[in-house]
Every structure is written in structure tokens, then in C-alpha cells.
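J.: Below is the sequence, then the predicted model.
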Amino acid sequence: MAEPQHHVTPVSTYVYVFLALLVCTVLTYFAAKADFGLLNNFIAMAIAITKALLVLYFFMELRHSTRMTVLTAAAGFFWLFLMIGLFLMDYGTRMAVVLPVPGK
Amino acid sequence: MNSTPLVDGHAHGDGHRHPAHQFETMEQQKETSTLGMWLFLVTEIMFFGGLFTAYVIYRHMYPDAFAAASSTLDVKWGGINTAVLICSSLTMALAIRSAQVNWRKGILIFLSLTMLLGLTFLGIKAIEYRAKFVERHVPGDVLNEPFHFELENHHEAAVAQAQDPLYPRHAEIFFALYFIMTGVHATHMIIGILILAVLWHFSRKGKFDSEYYNPLEMTGLYWHFVDIVWIFLFPLLYLLGAHTH
């Protein structure tokens, strides 16, 4: 038990992740400046999810965490995805439906 | 025994740290902290998730009013704040690394930098909030200044009016979500800075080293999580109307 049981990440790795996050931030700005129609949403979210994964994987050390911890984190995000997804399925499919009037 | 409620894993006569009595090893103690912290963060995902869901639905209902309202936010400040938070995540990670390599002065330096960057973020947020108060973009009737939203460009205003006669009311919904989401996020930042201050105090007393730094690592998880929330808030709140303005 004398030796500490952790992984020491090199400073350079953290700095590279930091730079990647900054580049992504600039990227998301210019992607939003261009008009891709509906695709704008998907591009913005794809970049944000990439950034979140970088933070989760490197800064929050999920790459060195136990499977139990990774599962717990994944379950949280999966549940969020389910909640937003199901809400959108409801609101996204609401439209005026003209029903035939009985007797006519 | 001079352990405190916050700091377990105190040194014994043999020069090594031992876990709190309910744990077999330091490793197990750390695993337990990490899993517990992640369970807390899952509740945080749900907490912010409810707000994000409300945002997604209202934006789906009133896309034009949301884009118009979003374009009145200052992308410059939002972008700078994103960089400030990313930078603070780097210094937080380096504070933990300093503990891992037994560089005690480094822990103090990087915790200080993290707190400073956190305060910078809040200062910039205050500048932005002030601008919104001056423009009367605060929902409701705060300080007898009723909410007011109007598109400056007359042509755009006419088009918006034709598409959505109630667009100023729907812009108000955007600003309600803006203030709630950034406000709750800023509250998390304030709590984070207070926790960092406590950790700075313990670090100065030499409580943390390569064998024991759980509180630093758990606070790091919290800090990075708050960073992730902002990573999503920035494009969702600031960049909606970017391609039309």
C-alpha cells in the first residue's frame, strides 16, 4: 500500500484537451454564423457533445474509472436523452387533426 | 486522532495514511467517494435536464421569437466566459495533478487560479445581466420596469409580427429560461468557489498529498460538470440567431 494507486496524467494531455475545447468553441461560433437550416441545430449539438465527452473522458477521468462509475454516468445521460426524446416525440407530432364530423 | 469530518485518511505512526474505519483500503475509500459523487451528479443531470427539456419544447414551439431574443445576447461575453470556464477546468485538473505528484504549493496555486477564473466568470455574467436589465429584457415586472421586447429593424419586426403576433411574449419565455438556466448555473459556480475556498484552507494545512486527495478530486468532478452545463448553454442561448444577424 506504499505506492499511490492512481494514474498521473501528463500535463501535456490536459493542455491538448484544453486547446481542443477552445478550438471547438471557435468552431461552434462560426458554424452558427453560417445558415444550414435545420442542420445548424445538429452541428451545434454535435460540437457540444464532443466537448462534453472530452471533459468527461479526460478531465473527469472517466477513462480511468471503474465500469460501475462509467455505467452510472452513462445511465444519467441516457435518462436525459430519453426524457428529451420522448417529450419531442409528443410535441413534435402535435398538429391540428381534422376529424370527420359524425352524421355528415 | 485529529481527523475532521471532511478529511479522512489521516496519517498514522507508520508514515502512511489509513482509510476511515469502514473501509478496507484507501483504494476502496476512493472508489466509494467517486461512485457517490457520480450518483449526486446524475441527480444534477436530471435537475438541469428538466430546464433543458423546457427549453427544447418552447424553442420548438416558437423558433423565430427564440432566435430573435437570442440575438440580443452578447456573443462576445458568452464566448469569453466559455473560454474562462474551460480554462478553469484545466487549472482544476492541474490542482488535482499537483496533489498526485505531491507538489503542495501547486495545489494552492491552481486552486487559487480556479477560484479566480470562477469569479471572472461571475463578473462577466454580472455585466451581461446588467445590460439585460437596462434593455428591459428581464421577464415580468421587475423594479416597476415591465418587460419590453422589440425588433430594431422595422422590416424584421413586421415579418415577425405576421408570423407570430405574440412574438414579444414568446421572447419573454426565452428570457425567463435564460435567467433561470444561467442563474442556477451561476449559483452552482458560487457554491463551487466556496468549496474551493475550504479546500484551499485544508491544502494550506497540508491535508492533501499523493496518498489522499479525495475531496479535491470530488470537487473537480463537480466543477467539470458545471463546465459541461455551460458548454451546452452557450450554443443554445447565445448562438440561435447568429446566422440571421
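T.: Arrived safely, thanks for sending. Not measured: the values here are computed from a predicted model.

J.: ok, the nearest residue to residue B:54 once chain neighbours are set aside - how many residues close by?
T.: Excluding the flanking residues, the one nearest residue B:54 by C-beta to C-beta, 6 or more residues apart in numbering or on different chains is residue B:177, at 6.5 Å. Just so you know, the C-beta spots here come from the backbone N, C-alpha and C atoms, and that holds for glycine as well. By other C-beta atoms under 10 Å in any protein chain shown, 21 other residues sit near residue B:177.

J.: Next: residue A:51.
T.: With other C-beta under 10 Å as criterion, residue A:51 counts 28.

J.: tell me the contacts of the residue nearest to residue B:54?
T.: Listed by C-beta atoms under 8 Å, 6 or more residues apart in numbering or on different chains, the contact partners of residue B:177 are B:51, B:54-55, B:58.

J.: if we go to 10 Å?
T.: B:51-52, B:54-55, B:58-59, B:66, B:69, B:139, B:236-237 (C-beta atoms under 10 Å, 6 or more residues apart in numbering or on different chains).

J.: can you pull the pLDDT of it?
T.: With respect to pLDDT, residue B:177 scores 97.

J.: State the distance from it to residue B:209.
T.: According to C-beta to C-beta, to the nearest Å, residue B:177 and residue B:209 sit 44 Å apart.

J.: where's residue 77, which helix or strand?
T.: Went with chain A since none was named. Residue A:77 is part of helix A:67-92, with elements assigned from DSSP states H and E.

J.: ah, no, chain B please
T.: Going by DSSP H and E, residue B:77 is in helix B:75-100.

J.: ok so, going back, quick check, distance from the helix holding residue A:77 to the centre of its chain.
T.: Relative to its chain's centre, helix A:67-92 lies at 11 Å (C-alpha atoms, centre = their mean, to the nearest Å).

J.: when you scan that helix, is anything in it near chain B?
T.: Yes. Using C-beta under 10 Å from any C-beta of the partner chain, we find that helix A:67-92 touches chain B at A:68-88, A:90-92.

J.: Mind giving me the packing neighbours of that helix?
T.: Helices and strands touching helix A:67-92, as assessed by 3 or more C-beta pairs under 10 Å, 6 or more residues apart in numbering or on different chains; DSSP states H and E, comprise helix A:39-54, helix B:26-61, helix B:214-238.

J.: Can you say which of those helices is packed in most?
T.: Of all the helices and strands packed on helix A:67-92, helix B:214-238 has the most neighbours on average by mean count of other C-beta atoms under 10 Å in any protein chain shown, namely a mean of 23.

J.: Now do it against helix B:75-100, angle only.
T.: 170 degrees (axes from the mean of the first three to the mean of the last three C-alpha atoms, to 10 degrees).

J.: Tell me which other helices or strands helix B:214-238 touches.
T.: Counting by 3+ C-beta pairs under 10 Å, 6+ apart, helix B:214-238 packs on helix A:11-33, helix A:39-54, helix A:67-92, helix B:26-61, helix B:63-70, helix B:75-100, helix B:104-134, helix B:167-204.

J.: what do you get if the cut-off is 6 Å, keeping everything else the same?
T.: helix A:39-54, helix B:26-61, helix B:75-100, helix B:167-204 (3 or more C-beta pairs under 6 Å, 6 or more residues apart in numbering or on different chains; DSSP states H and E).

J.: Out of these, which gets nearest to residue B:146?
T.: Nearest to residue B:146 among these is helix B:167-204; the distance by C-beta to C-beta comes to 10.1 Å.

J.: Reformat the helices and strands packed on helix A:67-92 as JSON lines; add mean pLDDT and distance to residue B:77.
T.: JSON lines is the format used below for those (pLDDT from 0 to 100; distance: least, C-beta to C-beta, whole Å):
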{"stretch": "helix A:39-54", "mean pLDDT": "95", "distance to residue B:77": "18"}
{"stretch": "helix B:26-61", "mean pLDDT": "96", "distance to residue B:77": "20"}
{"stretch": "helix B:214-238", "mean pLDDT": "97", "distance to residue B:77": "9"}
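
J.: Which of these sits closest to residue B:167?
T.: helix B:26-61 (11.9 Å).

J.: For chain A, which residues are neighbours of chain B?
T.: By C-beta under 6 Å from any C-beta of the partner chain, the part of chain A that sits against chain B consists of A:4-6, A:8, A:14, A:18, A:21, A:25, A:28, A:32-33, A:35, A:44, A:48, A:51-52, A:55, A:59-60, A:69, A:72-73, A:76, A:80, A:83-84, A:87, A:91.
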